[in-house]
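A.B. asks: the amino acid sequence is not available; the structure is as follows:
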């Protein structure tokens, strides 16, 4: 029988049922209490006709219901499809149809969302966030392999859907490799689970890793407001926080205004987006900790690389690859590059998916001979530490020269009047593209376009200098804080 995550977790629950499992709204739940909720969910799903290979969509915030429904579905041999509950009825309906879902679970207080989703023909069930999945009749779909534990959507809810099926083996190997690599993680930790669990990073690192490892977790339905998150971290005595850079910046803002940082916090890990160097420096000053930066993709369950500890971390890198992951760095023609040179990263390993969900055309473009094309440009040093240069799709080509947005962003971020910046390419008939910068000024600062362009001209080759600068109050971001460059390109 293949490895099953729910079997490992149920064993943990049964061995020490009285031990704390999750903190929710000021109260610690024991492992036994969560096990009871899982059993209720399992019984009601079975009674409603859920069968092996079915998929249950979860349009839920982080909650005991999300965790219990996931474990119940796995016990019945099915898979879960986590979705952003804020995506709206139209986008959710499109995702549900593509996922061929048995039904969708939404919060009890979701208002008109339930009736709007019901109009799509997908069975809808509502439940309180600390309650059980109700018994409801689902619909028959084409069954998937019982090995598929979760199907994540990676392209949002607009355009052609792109979804990644991850197996129990994928997820387990990623958790195990992370624990082996990051030696700062001890035996009795309390994790912060505030990253959205409908995103692979939150699901695997913040929710699944504690359940598999007998760690406790402080479970929050939302990171916002950050004041409440910091308060919950103190009450729950959080020791490990995995977050995206935006979350870290917001926590620092609250701490800088005088709110106490938990004395228990010993490890801060960043993923999901590039970590600005200034943010790492401020974290040490304000939170008392530097940041261990990591990197990954949904298709890799999601972690691919991470700095192991504070002693050997290399700021500006995402650390070495996880144990068991193999990599090739290739030039545009597919040839291996020399050590230290830049190229596109291809990977394979037990945590790497083997296909996209019901999309053979996209699968054939990104998966080849057991290797997965990350579409990221990277460089690997003599110690195996990776530096992520850019997404291949983000590279700007100016007059035949490659411009990596991160390089320009790093220069602009040094300007004292710049709080945040994102750089994209804008089509131009003569040069192919030009560099355009979107800048969020620091409070009270009023930099001019001419001033910022001149600043870059002193530090960059002429073809990398922005030809256009736009000012924004805030950069558009995804649900986990990634800058949405596709939205900036459309402006």
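C.D. replies: Everything's here; your move. Keep in mind that this is a model prediction, so the values were computed, not measured.
A.B. asks: flag the helix or strand of this protein with the lowest per-element mean pLDDT.
C.D. replies: When each helix and strand of the chain is scored by mean pLDDT, DSSP states H and E, strand 401-403 comes last, with a mean of 81.
A.B. asks: how many neighbours does residue 373 have?
C.D. replies: Counted by other Cβ atoms under 10 Å, the residues lying close to residue 373 total 16. For the C-beta atoms, the positions are set from N, CA and C on the backbone; glycine is no exception.
A.B. asks: quick one, phi/psi of residue 379?
C.D. replies: Main-chain torsions, residue 379, degrees, to the nearest 10: phi -140, psi 140.
A.B. asks: before we move on, the earlier item: same for the least confident helix or strand of the chain, what does it pack against?
C.D. replies: On a contact count with 3 or more Cβ pairs under 8 Å, 6 or more residues apart in numbering; DSSP states H and E, strand 401-403 meets strand 396-398.
A.B. asks: and the strand it packs on, which residues are buried?
C.D. replies: Buried residues in strand 396-398, counting neighbours by 16 or more other Cβ atoms under 10 Å, are found at 396, 398.
A.B. asks: show me how the chain divides into domains.
C.D. replies: For the chain, automatic domain parsing gives the domain ranges 5-161, 169-391, 395-489.
A.B. asks: so for the protein, the centremost residue is which one?
C.D. replies: residue 201 (3.5 Å; Cα atoms, centre = their mean).
A.B. asks: A strand includes that one, no?
C.D. replies: No. Looking at residue 201 with DSSP: H, G, I helix; E, B strand; the rest coil, it is helix, so not inside a strand.
A.B. asks: what's the least confident stretch among the domains of the chain?
C.D. replies: Per-segment mean pLDDT for those reaches its minimum on domain 395-489, at a mean of 89.
A.B. asks: first to last residue in that domain, what's the distance?
C.D. replies: The first and final residues of domain 395-489 sit 13 Å from each other (Cα to Cα, to the nearest Å).
A.B. asks: run the chain-centre distance for it.
C.D. replies: Centroid separation for domain 395-489 versus its chain: 24 Å, with Cα atoms, centre = their mean, to the nearest Å.
A.B. asks: ditto for stretch 330-338
C.D. replies: The chain centre lies 28 Å from the centre of stretch 330-338; the measure is Cα atoms, centre = their mean.
A.B. asks: same check on stretch 167-181?
C.D. replies: 15 Å.
A.B. asks: try stretch 307-314
C.D. replies: 21 Å.
A.B. asks: look up how far residue 68 lies from residue 122.
C.D. replies: Separation of residue 122 from residue 68 (Cβ to Cβ, to the nearest Å): 21 Å.
A.B. asks: between these two, which one's more packed in?
C.D. replies: Using other Cβ under 10 Å, the more surrounded residue of residue 122 and residue 68 is residue 68, with 24 against 21.
A.B. asks: tell me the buried residues in the helix or strand just after the least confident helix or strand of the chain?
C.D. replies: Per DSSP states H and E, the first helix or strand lying C-terminal to strand 401-403 is helix 405-413. Applying a neighbour-count criterion of 16+ other Cβ under 10 Å, one finds 405-406, 408-413 buried in helix 405-413.
A.B. asks: what is the nearest of the residues you listed to residue 38?
C.D. replies: Of all the buried residues of helix 405-413, residue 406 has the smallest distance to residue 38: 43.0 Å, by Cβ to Cβ.
A.B. asks: mind listing the strands the least confident helix or strand of the chain pairs with, and their directions?
C.D. replies: strand 396-398 (antiparallel) (DSSP bridges).
A.B. asks: neighbouring contacts of the strand it pairs with?
C.D. replies: 402-405, 423-425, 431-435, 463-464 (Cβ atoms under 8 Å, 6 or more residues apart in numbering).
A.B. asks: show me which helix runs longest in this protein.
C.D. replies: helix 31-47 (DSSP state H).
A.B. asks: and that helix, what does it pack onto?
C.D. replies: helix 5-15, strand 20-24, helix 64-75.
A.B. asks: let's see that with 6 Å instead.
C.D. replies: Counting contacts by 3 or more Cβ pairs under 6 Å, 6 or more residues apart in numbering; DSSP states H and E, helix 31-47 is packed against helix 64-75.
A.B. asks: report all helices and strands that the next helix or strand after the helix it packs on contacts.
C.D. replies: Counting by DSSP H and E, the element after helix 64-75 in chain order, helix or strand, is strand 79-82. Applying 3+ Cβ pairs under 6 Å, 6+ apart, one finds that strand 79-82 makes contact with strand 55-58, strand 148-153.
A.B. asks: do that again at 8 Å, thanks
C.D. replies: Judged by 3+ Cβ pairs under 8 Å, 6+ apart, strand 79-82 is in contact with strand 55-58, helix 64-75, helix 89-99, strand 148-153.
A.B. asks: for the first one, name the packing helices and strands.
C.D. replies: Think strand 55-58. Counting by 3+ Cβ pairs under 8 Å, 6+ apart, strand 55-58 packs on helix 64-75, strand 79-82, helix 89-99, strand 103-107.
A.B. asks: hmm, back to that, can you redo the helices and strands packed on strand 79-82 as a markdown table with distance to residue 240?
C.D. replies: Listed next are those as a markdown table, based on distance: least, Cβ to Cβ, whole Å:
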| stretch | distance to residue 240 |
| --- | --- |
| strand 55-58 | 24 |
| helix 64-75 | 18 |
| helix 89-99 | 31 |
| strand 148-153 | 22 |
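A.B. asks: between these, which one is nearest to residue 269?
C.D. replies: When the helices and strands packed on strand 79-82 are compared by Cβ to Cβ, strand 148-153 sits nearest residue 269, at 19.8 Å.
A.B. asks: what angle do helix 5-15 and that closest one make with each other?
C.D. replies: 120 degrees (axes from the mean of the first three to the mean of the last three Cα atoms, to 10 degrees).
A.B. asks: and residue 294, how many neighbours?
C.D. replies: If you count neighbours by other Cβ under 10 Å, residue 294 ends up with 26.
A.B. asks: helices along the stretch 201-350 of the chain, start to end?
C.D. replies: Ranges of helices in the stretch 201-350 of the chain, per DSSP state H, counting those that start in this stretch, are 209-213, 226-236, 245-256, 277-286.
A.B. asks: from the ones you listed, which stretch is densest packed?
C.D. replies: Burial of these is given as mean neighbour count (mean count of other Cβ atoms under 10 Å); helix 209-213 ranks first at a mean of 22.
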